[in-house]
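Chemist: fold the following for me, if possible:
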Amino acid sequence: MKRISEIESCSTCIYRKLLFDKLSEVEHKIVNDSRMEYLCVKGEILKKEGQKIQSFMYLRKGLVKIYKTDKYGKDHILGISRPGEFINLLSVFSGSLYNYSVAAIEETQVCEIKLSAMKSVIKSNHQFSLRLLNRISKMSEEMIAIQFDLNQKQVRGRVAYVLLMLADRIFKSYEFKMPITRREVGEMISMTTENTIRTLSEFRKDGIIDITGKNIRIRDYQRLVTVSKNG
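Modeler: This next block holds a predicted model:
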(Lines give C-alpha, C1' and ligand atoms only; values in the text may rest on other atoms or scores of the structure.)
Protein backbone atom coordinates (compact mmCIF):
# COMPACT_ATOMS: atom_id res chain seq x y z
CA MET A 1 0.00 0.00 0.00
CA LYS A 2 1.24 3.48 -0.88
CA ARG A 3 0.84 6.06 1.86
CA ILE A 4 -0.85 9.32 0.83
CA SER A 5 1.13 12.28 2.18
CA GLU A 6 -1.58 14.96 1.98
CA ILE A 7 -4.79 13.76 3.58
CA GLU A 8 -8.14 15.37 4.28
CA SER A 9 -9.04 16.33 7.84
CA CYS A 10 -11.67 14.24 9.62
CA SER A 11 -13.68 17.42 10.17
CA THR A 12 -14.35 17.80 6.42
CA CYS A 13 -14.56 14.12 5.44
CA ILE A 14 -17.83 13.18 3.73
CA TYR A 15 -17.94 9.96 5.76
CA ARG A 16 -17.79 11.73 9.12
CA LYS A 17 -21.57 11.48 9.51
CA LEU A 18 -21.43 7.68 9.26
CA LEU A 19 -19.99 7.32 12.74
CA PHE A 20 -17.79 10.19 13.86
CA ASP A 21 -20.15 13.18 13.88
CA LYS A 22 -20.97 12.80 17.59
CA LEU A 23 -17.37 13.02 18.78
CA SER A 24 -16.15 15.96 20.83
CA GLU A 25 -13.38 18.22 19.52
CA VAL A 26 -10.87 16.44 21.75
CA GLU A 27 -12.02 13.03 20.50
CA HIS A 28 -11.86 14.20 16.89
CA LYS A 29 -8.29 15.30 17.44
CA ILE A 30 -7.38 11.91 18.91
CA VAL A 31 -8.76 10.17 15.82
CA ASN A 32 -7.38 12.65 13.30
CA ASP A 33 -3.87 12.61 14.79
CA SER A 34 -3.67 8.82 14.70
CA ARG A 35 -4.82 8.08 11.17
CA MET A 36 -3.19 7.51 7.79
CA GLU A 37 -4.52 7.08 4.26
CA TYR A 38 -3.28 4.59 1.69
CA LEU A 39 -3.75 3.99 -2.02
CA CYS A 40 -3.97 0.35 -3.10
CA VAL A 41 -3.79 -1.05 -6.63
CA LYS A 42 -6.13 -3.70 -7.99
CA GLY A 43 -5.26 -7.13 -6.63
CA GLU A 44 -3.26 -5.80 -3.68
CA ILE A 45 -3.86 -7.51 -0.34
CA LEU A 46 -4.69 -4.94 2.34
CA LYS A 47 -4.92 -7.36 5.24
CA LYS A 48 -4.02 -11.04 5.41
CA GLU A 49 -5.76 -13.71 7.46
CA GLY A 50 -3.66 -14.33 10.58
CA GLN A 51 -2.08 -10.85 10.49
CA LYS A 52 -2.04 -8.85 13.73
CA ILE A 53 -4.82 -6.27 14.07
CA GLN A 54 -3.38 -2.84 14.75
CA SER A 55 -5.85 -0.44 13.17
CA PHE A 56 -9.45 0.39 12.42
CA MET A 57 -9.99 0.68 8.67
CA TYR A 58 -12.69 2.09 6.42
CA LEU A 59 -12.99 2.42 2.67
CA ARG A 60 -12.94 5.89 1.10
CA LYS A 61 -12.82 4.92 -2.59
CA GLY A 62 -12.92 1.73 -4.62
CA LEU A 63 -14.07 -1.81 -3.82
CA VAL A 64 -12.54 -4.64 -1.80
CA LYS A 65 -13.35 -8.30 -1.36
CA ILE A 66 -13.40 -10.03 2.02
CA TYR A 67 -12.42 -13.68 1.80
CA LYS A 68 -11.07 -16.74 3.59
CA THR A 69 -8.65 -19.33 2.23
CA ASP A 70 -9.24 -23.02 2.95
CA LYS A 71 -6.58 -25.63 3.67
CA TYR A 72 -6.35 -26.46 -0.03
CA GLY A 73 -5.50 -22.86 -0.94
CA LYS A 74 -8.92 -22.11 -2.43
CA ASP A 75 -10.40 -18.69 -1.69
CA HIS A 76 -14.01 -18.24 -0.58
CA ILE A 77 -15.35 -14.70 -0.95
CA LEU A 78 -17.57 -13.67 1.97
CA GLY A 79 -18.56 -10.27 0.64
CA ILE A 80 -17.69 -7.09 -1.23
CA SER A 81 -17.35 -3.75 0.56
CA ARG A 82 -17.99 -0.36 -1.00
CA PRO A 83 -16.95 3.22 -0.03
CA GLY A 84 -18.05 4.32 3.42
CA GLU A 85 -17.90 0.81 4.90
CA PHE A 86 -15.65 -0.30 7.76
CA ILE A 87 -13.88 -3.24 6.20
CA ASN A 88 -12.31 -4.85 9.26
CA LEU A 89 -15.10 -4.25 11.74
CA LEU A 90 -15.94 -7.95 12.14
CA SER A 91 -12.43 -8.84 13.34
CA VAL A 92 -11.17 -5.70 15.01
CA PHE A 93 -12.66 -6.38 18.46
CA SER A 94 -12.98 -10.17 18.39
CA GLY A 95 -9.31 -11.05 18.79
CA SER A 96 -5.75 -10.01 18.08
CA LEU A 97 -5.52 -11.52 14.57
CA TYR A 98 -7.56 -11.13 11.39
CA ASN A 99 -9.75 -14.15 10.68
CA TYR A 100 -10.19 -13.20 7.01
CA SER A 101 -8.26 -11.41 4.27
CA VAL A 102 -9.07 -8.17 2.46
CA ALA A 103 -7.95 -7.41 -1.12
CA ALA A 104 -8.61 -4.54 -3.53
CA ILE A 105 -10.64 -5.49 -6.61
CA GLU A 106 -10.06 -2.07 -8.15
CA GLU A 107 -7.91 0.95 -7.29
CA THR A 108 -8.81 1.67 -3.69
CA GLN A 109 -8.21 4.34 -1.06
CA VAL A 110 -8.46 3.42 2.62
CA CYS A 111 -8.24 5.31 5.88
CA GLU A 112 -6.58 3.60 8.85
CA ILE A 113 -6.97 4.74 12.45
CA LYS A 114 -4.76 3.32 15.18
CA LEU A 115 -6.67 0.81 17.28
CA SER A 116 -5.43 2.40 20.50
CA ALA A 117 -7.01 5.73 19.49
CA MET A 118 -10.33 4.07 18.66
CA LYS A 119 -10.39 2.23 21.98
CA SER A 120 -9.74 5.52 23.78
CA VAL A 121 -12.73 7.15 22.07
CA ILE A 122 -14.93 4.11 22.70
CA LYS A 123 -14.22 4.31 26.43
CA SER A 124 -15.00 8.03 26.60
CA ASN A 125 -18.06 8.25 24.32
CA HIS A 126 -20.93 5.85 25.01
CA GLN A 127 -23.06 7.13 22.12
CA PHE A 128 -20.20 6.43 19.72
CA SER A 129 -19.78 2.95 21.21
CA LEU A 130 -23.46 2.11 20.69
CA ARG A 131 -23.37 3.28 17.07
CA LEU A 132 -20.28 1.17 16.49
CA LEU A 133 -21.98 -1.89 17.98
CA ASN A 134 -24.98 -1.24 15.74
CA ARG A 135 -22.74 -1.25 12.67
CA ILE A 136 -21.06 -4.48 13.74
CA SER A 137 -24.48 -6.11 14.19
CA LYS A 138 -25.71 -4.95 10.78
CA MET A 139 -22.55 -6.19 9.03
CA SER A 140 -22.85 -9.58 10.74
CA GLU A 141 -26.53 -9.90 9.87
CA GLU A 142 -25.91 -8.97 6.24
CA MET A 143 -23.07 -11.46 5.83
CA ILE A 144 -25.12 -14.24 7.45
CA ALA A 145 -28.12 -13.41 5.24
CA ILE A 146 -26.02 -13.52 2.06
CA GLN A 147 -24.49 -16.90 2.89
CA PHE A 148 -27.87 -18.33 3.95
CA ASP A 149 -29.59 -17.10 0.79
CA LEU A 150 -26.86 -18.49 -1.46
CA ASN A 151 -26.94 -21.89 0.24
CA GLN A 152 -30.65 -22.24 -0.60
CA LYS A 153 -30.11 -21.82 -4.35
CA GLN A 154 -28.88 -23.81 -7.32
CA VAL A 155 -26.22 -22.39 -9.63
CA ARG A 156 -28.60 -20.24 -11.74
CA GLY A 157 -30.14 -18.72 -8.64
CA ARG A 158 -26.72 -18.05 -7.13
CA VAL A 159 -25.36 -16.28 -10.20
CA ALA A 160 -28.56 -14.23 -10.47
CA TYR A 161 -28.25 -13.32 -6.78
CA VAL A 162 -24.70 -11.99 -7.28
CA LEU A 163 -25.72 -9.94 -10.33
CA LEU A 164 -28.60 -8.39 -8.39
CA MET A 165 -26.35 -7.66 -5.43
CA LEU A 166 -23.88 -5.86 -7.70
CA ALA A 167 -26.66 -3.92 -9.45
CA ASP A 168 -28.69 -2.99 -6.36
CA ARG A 169 -26.15 -2.69 -3.56
CA ILE A 170 -22.79 -1.90 -5.14
CA PHE A 171 -23.44 0.08 -8.33
CA LYS A 172 -27.13 1.01 -8.01
CA SER A 173 -27.43 0.61 -11.78
CA TYR A 174 -28.55 -2.00 -14.30
CA GLU A 175 -25.32 -1.44 -16.23
CA PHE A 176 -21.91 -1.96 -14.66
CA LYS A 177 -18.42 -3.30 -15.20
CA MET A 178 -17.88 -6.57 -13.38
CA PRO A 179 -15.46 -5.79 -10.53
CA ILE A 180 -14.59 -9.45 -10.05
CA THR A 181 -13.59 -12.20 -12.47
CA ARG A 182 -15.73 -15.20 -13.38
CA ARG A 183 -13.46 -17.26 -11.13
CA GLU A 184 -14.13 -14.89 -8.22
CA VAL A 185 -17.88 -15.08 -8.83
CA GLY A 186 -17.47 -18.85 -8.51
CA GLU A 187 -15.53 -18.36 -5.27
CA MET A 188 -18.37 -16.24 -3.94
CA ILE A 189 -21.11 -18.77 -4.71
CA SER A 190 -19.10 -21.99 -4.16
CA MET A 191 -19.34 -23.01 -7.80
CA THR A 192 -16.73 -23.78 -10.43
CA THR A 193 -15.57 -21.16 -12.90
CA GLU A 194 -16.98 -23.30 -15.73
CA ASN A 195 -20.46 -23.39 -14.17
CA THR A 196 -20.37 -19.63 -13.63
CA ILE A 197 -19.35 -18.91 -17.24
CA ARG A 198 -21.98 -21.30 -18.61
CA THR A 199 -24.74 -19.74 -16.49
CA LEU A 200 -23.83 -16.20 -17.56
CA SER A 201 -23.92 -17.36 -21.19
CA GLU A 202 -27.36 -18.90 -20.61
CA PHE A 203 -28.63 -15.62 -19.15
CA ARG A 204 -27.33 -13.81 -22.23
CA LYS A 205 -28.98 -16.27 -24.63
CA ASP A 206 -32.24 -16.01 -22.67
CA GLY A 207 -32.22 -12.23 -23.10
CA ILE A 208 -31.86 -11.55 -19.37
CA ILE A 209 -28.49 -9.79 -19.63
CA ASP A 210 -26.07 -8.44 -22.21
CA ILE A 211 -22.36 -9.17 -21.85
CA THR A 212 -19.63 -7.17 -23.58
CA GLY A 213 -16.26 -8.12 -22.18
CA LYS A 214 -16.48 -7.25 -18.48
CA ASN A 215 -19.52 -5.02 -18.97
CA ILE A 216 -22.92 -6.29 -17.86
CA ARG A 217 -26.30 -4.81 -18.75
CA ILE A 218 -29.40 -6.26 -17.11
CA ARG A 219 -32.10 -6.32 -19.79
CA ASP A 220 -34.86 -8.05 -17.83
CA TYR A 221 -34.54 -7.17 -14.15
CA GLN A 222 -37.78 -8.83 -13.01
CA ARG A 223 -36.88 -12.07 -14.73
CA LEU A 224 -33.47 -12.03 -13.03
CA VAL A 225 -35.24 -11.52 -9.69
CA THR A 226 -37.46 -14.53 -10.43
CA VAL A 227 -34.44 -16.69 -11.28
CA SER A 228 -32.75 -15.59 -8.06
CA LYS A 229 -35.81 -16.47 -5.96
CA ASN A 230 -36.62 -19.77 -7.65
CA GLY A 231 -33.24 -20.92 -8.96
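Chemist: enumerate every residue touching the nearest residue to I218 once chain neighbours are set aside.
Modeler: Among residues not flanking I218 along the chain, Y174 sits closest, at 4.2 Å (C-beta to C-beta, 6 or more residues apart in numbering). From N, CA and C alone the C-beta is placed, and that goes for glycine too. With contact set as C-beta atoms under 8 Å, 6 or more residues apart in numbering, Y174 has these partners: A167, R217, I218, Y221.
Chemist: rerun that using 10 Å as the cut-off
Modeler: By C-beta atoms under 10 Å, 6 or more residues apart in numbering, the contact set of Y174 is L163, A167, D168, I209, I216, R217, I218, R219, D220, Y221, L224.
Chemist: do F93 as well
Modeler: Contacts of F93 by C-beta under 10 Å, 6+ apart are I53, F56, L115, M118, K119, I122, L132, L133, I136.
Chemist: that's a helix at F176, yeah?
Modeler: No - counting by DSSP: H, G, I helix; E, B strand; the rest coil, F176 falls outside a helix, being strand.
Chemist: please tell me how far it sits from I144.
Modeler: 25 Å (C-beta to C-beta, to the nearest Å).
Chemist: more neighbours, these two?
Modeler: F176 (17 against 10; other C-beta atoms under 10 Å).
Chemist: would you mark the buried spots in the strand or helix carrying L18?
Modeler: Assigned by DSSP states H and E, L18 belongs to helix 16-19. Within helix 16-19, the residues that count as buried by 16 or more other C-beta atoms under 10 Å are R16, L19.
Chemist: now swap in stretch 8-21 and tell me
Modeler: For stretch 8-21, a neighbour-count test (16+ other C-beta under 10 Å) marks C10, C13, Y15, R16, L19, F20 as buried.
Chemist: so how far is the first residue of that stretch from its last?
Modeler: Taking C-alpha to C-alpha, to the nearest Å, stretch 8-21 runs 16 Å from one end to the other.
Chemist: contact partners of it?
Modeler: Contact with stretch 8-21 is made by 7, 22-23, 25, 27-29, 31-33, 35, 37, 58-60, 83-86, 111, 113, 121, 125, 128, 131-132, 134-135, as judged by C-beta under 10 Å, 6+ apart.
Chemist: just the ones of these in helices?
Modeler: Taking DSSP state H as the definition of helices, those contribute 25, 27-29, 31-33, 121, 128, 131-132, 134-135.
Chemist: top of the residues you listed by neighbour count?
Modeler: Most surrounded of the ones in helices among the contacts of stretch 8-21: other C-beta under 10 Å gives V121, at 22 neighbours.
Chemist: let me know the closest of the contacts of Y174 to I189.
Modeler: L163 (10.8 Å; C-beta to C-beta).
Chemist: list phi and psi for the residue nearest to the closest one when sequence neighbours are not counted.
Modeler: With C-beta to C-beta, 6+ apart as the criterion, L163 has its nearest non-adjacent residue at 6.3 Å, and that residue is L224. When read as degrees, to the nearest 10, the backbone of L224 gives phi -70, psi -40.
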